[in-house]
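Colleague: return atomic coordinates for the entry below.
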Amino acid sequence: VFDDYFSLQPELLFSIKGARYRNSADEDFKSAYVLKYLSLPVVGKYYVTKEISIEFGPQVAYLLSAKNIETSDDFVSNLGQEAASVDISDKMQALDFGVTAGVGYLTKSGLYFSARYNFGILNAHKTLADENTIMHNGAIQVSVGFSLQ
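Modeller: You can find the predicted model right below:
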């Protein structure tokens, strides 16, 4: 805490991010990316009141694993089981840099609520077939905590 209005809060988070893909030419083909990260955001908090804060700051994330899960209704039962799970860690960037922004609410009892949006700045994919295609990470984060102050 710097003063009554501003504080800095480093965090260490585990997050799972991903995307779904459906080929418009082949309605039966479906694919999903599942990316697991260890993230370190450094969040600056500006307290508008004693209870409400605006949160903003940079974030760096390290890729722990990346998989592409493909399903096709032609090859699997109607239960939608996985047809193939492929490790694509070598095709993804190991580090992701981003920005996080949100709001927080601190109750008088010390219970804390926060809602944020995290946007990755870098292209998360190393090589895509179409060079005009860029893949950014994005996540909505909701948290509950307890303040010891």
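Colleague: could you use CA atoms for every contact and neighbour count after this?
Modeller: OK.
Colleague: show me what the helix or strand containing Gly18 is packed up against.
Modeller: Under the criterion of DSSP states H and E, Gly18 resides in strand 13-22. Here strand 13-22 touches strand 29-47, going by 3 or more CA pairs under 8 Å, 6 or more residues apart in numbering; DSSP states H and E.
Colleague: direction included, what does the strand it packs on pair up with?
Modeller: In the sheet, strand 29-47 lines up against strand 6-10 (antiparallel), strand 13-22 (antiparallel), strand 52-72 (antiparallel) (DSSP bridges).
Colleague: which outside residues touch the strand holding Gly18?
Modeller: The contact list for strand 13-22, computed with CA atoms under 8 Å, 6 or more residues apart in numbering, reads 29-40, 137-139.
Colleague: farthest pair in those residues?
Modeller: Between any two of the contacts of strand 13-22, the greatest separation by CA to CA is 35.3 Å, found for Phe29 and Leu40.
Colleague: so, low pLDDT: which residues of the protein?
Modeller: The chain contains residues with pLDDT under 70 at 1, 21-29, 71-83, 127-133.
Colleague: against Thr49, how distant is the nearest residue to Leu40 once chain neighbours are set aside?
Modeller: Leaving out its chain neighbours, the residue that sits closest to Leu40 by CA to CA, 6 or more residues apart in numbering is Leu12, at 4.9 Å. For Leu12, the distance to Thr49 equals 26 Å [CA to CA, to the nearest Å].
Colleague: rewinding a little: now the strands paired with strand 29-47 as CSV including mean neighbour count and distance to Arg116?
Modeller: Listed next are the strands paired with strand 29-47 as CSV, based on neighbours: other CA atoms under 10 Å; distance: least, CA to CA, whole Å:
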stretch, mean neighbour count, distance to Arg116
strand 6-10, 14, 14
strand 13-22, 13, 13
strand 52-72, 19, 8
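Colleague: export the ones you listed to JSON lines and append columns for distance to Asn123.
Modeller: Output for the strands paired with strand 29-47, formatted as JSON lines (distance: least, CA to CA, whole Å):
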{"stretch": "strand 6-10", "distance to Asn123": "24"}
{"stretch": "strand 13-22", "distance to Asn123": "14"}
{"stretch": "strand 52-72", "distance to Asn123": "13"}
